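[1] Structure, please.
(chains A, B and C)
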Amino acid sequence: MERWSSRPGRVAITAVLVVTVALLAVVLTAGCGSSNTSGTAPKADILRLAYTSTVTTWDPSASYSTEVVYMANLYEPLLYANPPGSTEPFSPALATSWEVAKDGLSWTFHLRQGVTFHDGTPFNADAVKYSIDRTKKLNLGAAYLWAPVKEVQVVDPYTVKMLLTYPVALDRIAAASSGSWMFSPATAVKSSKWWDAGHEDGTGPWTLQSYKPNQELVFVRNPKWWGTWSDNQYQKIVVEIVAEAGTQQQELEASQIDYAGLVARDQVDALAANPNIDVVKGQSWNSYLMFFNTQHKPLDNVKVRQALSYAVPYQDIITVAANGLGTQSKGPVPVGLWPNTQGTVTQYTTDLTKAKQLLSDAGYPNGGFTLNLTYAAENTLENSFAPVIKESFAKIGVKVNIQKLLWNQQWAKAKGPIAQRQDLFVLLWWPSLPDGYDNLNSMFRPETSPAWNLAYWYNTDFDKLLTEAYGLSAVPSGLEQSQQKYNEAQAMLVDQAPAAYLFDAQFVVAKLKTIALGTEAINPNYPQVLFWTKVTR
Amino acid sequence: MTIWAYVVRRIALAVLVLFGVATITFLMVRIVPSDPAAVYVGSNARPEQIAQARRDLGLDKPLYVQYGIYMKNLVKGDWGDSLRTKRPVLNDIMHFLPTSLELIITALVVATIVGVIFGVTTAHRKGTWIDLVMRVFSTGGVSIPAFWLALMLQIAFFRVLHLLPVAGQSDIFVAQAHPITAITGMPVVDALITGNWPAFTDSARHLVLPMLCLAAYPMGVIMRMTRSSMLEAMGNDYIRMARALGVPPRTLLYKDALKNAFGPVLTVIGLTFAYSLTGTFFVELIFAWPGLGYYATTSILSMDYPAIMGVTIMVAAAYVLVNLAVDLAQAFLDPRIALS
Amino acid sequence: MSAATAELLAIHDLRLQFRSMRGLVKALDGVELTVHDGEILGLVGESGCGKTITGLAVLGLLQRPQAEITSGAILYRGDDLLAKTDAQMQKLRGRDISMVFQDPLASLNPVFAVGNQIEDVVRLHKGVSRKEARETTYKALASVGLPPDKDTFKRYPHQFSGGMRQRVCMAMALACGSPLLIADEPTTALDVTIQAQILNLLLKLRAELDVAQILITHNVGVAAQTCDRIAVMYAGSVVEEGPVSEVLKRPHHPYTIALYQCLPHGRTAAELQTIPGTVPDLIDPPTGCRFHPRCSHVMEICPTAKPQPVKAAERHWVSCFWAAEGAGLSAGPFRPPTPPDAPGTDDGAPA
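    Have a look, this model is predicted:
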């Protein structure tokens, strides 16, 4: 046979075969041992997280998307909004104290001293002015939140005063999960390309060590952080981007990661049964609603909208889509978030008799009309509950055509020519700041061209009421009156029913029992964010 | 015609094809109702921000003007910036492509070796139980849905046997202790070049399952084609002649018959390469493999049209080049084929 | 013509059957053949008579289990080839016994240069270095009358003419110095002018390299032109065998006589005769002498027993009851038998 070894075909095949077999052998035999023999770095110092969140921009002024989960650990705002149930609504962050003038038009923040940015630049009033001015100037992402701020004044190195054009609750804006970050003025010379290559310059407890897009992000402790480090906190955070919930689950069960940020709702029970794993659930500001197109017949008739609101199978939706992890919404502001009505507003129940009666009153005794429903294909929950709505509406004689569209297409259609718009628009909404005003303002205020008011419901009374309520909320003394106006406004939204308020969703994550999440590790005011300093061994 | 004239002509043709692909893709991604400006500014954007972005990105111009600008830039090597990642599309593709290529190439090498060996064996042992078993195997490879196969592989090698990792490209602890220096962008190759053995073993182990998952379909197709092509070749007189002159069976099979039978197999390998370029998207998603697949998927889902265009053009270019390579290889294999 | 000396190949009572969809094909029915060193034996007969199968059987190239040798022996220099293992046979093929086939284009691998194909066989059997193998290859090319240069070496089969291709085949078959070549219809696919060249080559090979040959052909004329001895096969048996001059001048077997009459001895095409009847179905062959249904001299004994070879002359054997009787009756010189008076002798078959 060796005489034949010079035949090129044979040689190649044999060689490749031998290499493959050898490789496989190495790979397979090394399998069991490698996890015990790897590395010099103490493993216990590394926290391993599986996220789905990719980075759309590293620019702290422009950031307004999934990267918030990283931004919130790299940067800090002036103050943090506390989770619901806390005694104080806010905690000091880069501002140690703050006060608002009686007219609500001027806010003063006293800044924390001895704080430096990751590049070594000291944090001071100039840095605050620079950060807010730049964000406003770029006018990207959440910059609009600062729109009421006319001017940021440097009073002294550790005091800033913000002058507003109209009174707003600036504390809520300063604590927002986007646009509120303070970053180093030394970056003024950098372009947006520099940021997006994977740079950061905040004051936060963590610094970005390496960034591989769509793959892996590594963060290490900021040794100069103003807060205190304890021994049971982690030294290093490694985030793996894993898009599939099933894959995250498998990796968690294999202890290849410590924390899975995405859990399929139908897998919650299976995961909870695993003795090594904790499933963590809790309140979030995510809520699902369904806009009625008030410019299309017969949805222009309020009785029809009310009828359909009675025909929505709220509990079925929560059971089917969210595996029970949600509660029927009480108006468009999630329970627990200011200014939810705290029970004063009525809820629609699922009552088909009432629904039929209302349809009959509206002149559609047996329904007999057809509605087009759109939802975002990316959203697995919407995918499961859209048919449930269709089925229920069928019982009162209303036919629903379901259109599954990519979010961008769903949204583009809603903003397109009036005749081509949908009748029913299913939407997942979360506020950009810890203020339910964002829900009411964005989704129900009159708009010149449609953006988020996808009911196309333009009510001047509501508009006026909302402006008043918002202005009153600027100063602590006005909160009570503000809440009343807000309650009135929300009662109007329930009665006029430009949308059906489906349910407030809970968040679900899973982790190994070997790690502990502090009480403020997850805070609904910072959606999806895990505060890594609050995670301990 | 010399080989160079042929190659130049084919490449010129390829440029035309790519031009067509770019045009059609541009029309398709821009005709579907979607607002690229809204994608650019992200979720929860204000209308005035979207309007601003529309002006900045030139989306307010008529579509044919936008097309002209896009094509002009494309020729200059500027593939535009991704609406989502804000980085140049070409950079993004070059960043994600090597990881995907590592997966695709290893999968195709394995699929070819196994497919050809199985194909030759089944042709040689036609009608025996070996033939039957291997053909069931290939039918499985072709017909089993990738997601199911992925799941079965994960269950078998990870859950039951505890042999291989379930997903990802590296173990976090290993990667932190033995970071790989990027040279080619293919972790296994880079670890090998730099002699980083712990990282090499680790990344090779992570490669196995997605690679097998991706290899299944090409393996089945290659095996079928090899089998039928081999059966045809084995019936030829020159095989009888070679036997009459004492050529041993294995040489008969793997040299005399296979070189003749390899033409159609090569074509199939070329086709499956193109298939794998897109087939890998799904596999990458399941196995959390940070390649082009995840980038393409998220780009499509968010209607990030410069990225979609970039990926499409890249895949089309790869397809065209692979086909050219296949044609050249066939001419190289069989002197009777004239390049024209 | 050199006189035959030692027996190179001897086939005794070779019986072989094929399994087919319709049943067992009794393809060879006790073949007897000998080839001596340096001798050219013509194996003639109609297609389907078992000539090629006999050749393939010698080389052990028949497909098992479809083909099964039920009895007999094939002795090569006294060794029974049927007792050898596959590996032994494989080593023997191309080194001791080689074979070339009818269609030289199909016989050559289209995707390898002819020089490489020859060289591979040389390296396979001789275990020599590439350089030595190349020299041997050039010698082999020269021996078949092809220019022994790089150009020939590097050409592919489709770049040759038909005659040259057959030369390449022979070079490949003889490169390792096989003392025996089985040439299966080597000229059938070629033009008449080229045929003569190839037949001359066969003679030249015998003269220069002392290669014994079995020339399988359906064309008696080809055999007459080239061979020392001739063996006539009919339906799986050799019916007559002897020196060419003997067999063709004084054929004894009615089948040989009939074949001889088919030859265009300077006659026009219109005068050519064919043998009446058809080749028998070997799944259910005629009993006794397998030729008897077509034989114009059929006798009572013919369907009942298989005739054994009898000596018609020195080294001339015939297996025929009629011829044996005739030979026994007349001790004098052979009297050419009268041609059959009418076709369709089947009528005369006894009940």
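[2] Surely B:Glu48 is in a helix?
    Yes - counting by DSSP: H, G, I helix; E, B strand; the rest coil, B:Glu48 is part of a helix.
[3] so how far is A:Glu151 from it?
    Counting by CB to CB, to the nearest Å, the gap from B:Glu48 to A:Glu151 is 21 Å. C-beta here means a position set from N, CA and C on the backbone, and glycine is covered the same way.
[4] swap in A:Trp206?
    Taken as CB to CB, the span from A:Trp206 to A:Glu151 is 32 Å.
[5] Have a look at these two and say which one is more surrounded.
    The neighbour count for A:Trp206 versus A:Glu151, taken as other CB atoms under 10 Å in any protein chain shown, is higher for A:Trp206 (24 against 13).
[6] Once you drop chain neighbours, what's closest to the closest residue to chain C within the stretch 301-450 of chain A?
    Residue nearest to chain C within the stretch 301-450 of chain A: A:Leu406 (50.6 Å; CB to the nearest CB). Leaving aside its chain neighbours, A:Leu406 sits nearest to A:Ala377 (5.4 Å; criterion: CB to CB, 6 or more residues apart in numbering or on different chains).
[7] Would you mind confirming that the one you found is in contact with A:Asn408?
    No - the pair A:Ala377 / A:Asn408 is not scored as a contact, 10.2 Å apart, by CB atoms under 8 Å.
[8] Who has more neighbours out of the two?
    Higher neighbour count among A:Ala377 and A:Asn408: A:Asn408, with 22 against 16, using other CB under 10 Å.
[9] Which of the three states applies to the more buried one?
    At A:Asn408 the chain is in helix, as set by three-state DSSP.
[10] That one against B:Val41, yeah?
    No - contact criterion CB under 8 Å: A:Asn408 and B:Val41 do not qualify, at 12.0 Å.
[11] Could you measure from B:His124 over to chain C?
    13 Å (CB to the nearest CB, to the nearest Å).
[12] Ignoring the adjacent residues along the chain, who's closest to that residue?
    B:Leu253 (5.7 Å).
[13] next one: A:Phe425
    A:Phe291 (4.2 Å).
[14] ok, that neighbour touching A:Ala497?
    No - A:Phe291 is not in contact with A:Ala497 according to CB under 8 Å; the separation is 10.2 Å.
[15] What number of neighbouring residues does the residue of the stretch 51-200 of chain C found nearest chain A come out with?
    Per CB to the nearest CB, C:Gly127 is where the stretch 51-200 of chain C lies closest to chain A, at 5.4 Å. The number of residues packed near C:Gly127 is 11, by other CB under 10 Å.
[16] now swap in the one 4 residues further on and tell me
    For C:Lys131, the tally of surrounding residues (other CB under 10 Å) stands at 8.
[17] that older thread, am I right that the residue nearest to A:Phe425 falls within a strand?
    Yes - counting by three-state DSSP, A:Phe291 is located in a strand.
[18] show me where pLDDT drops low in the chain?
    Went with chain A since none was named. Chain A contains residues with pLDDT under 70 at A:1-17, A:19-20, A:22-42.
[19] actually chain C
    By pLDDT under 70, the low-scoring segments of chain C are C:1-5, C:262-274, C:327-351.
[20] name the element the residue of it most remote from its centre belongs to?
    Distance from the C-alpha centroid of chain C peaks at C:Lys131, with 35.5 Å (CA atoms, centre = their mean). Using DSSP states H and E, C:Lys131 maps to helix C:130-143.
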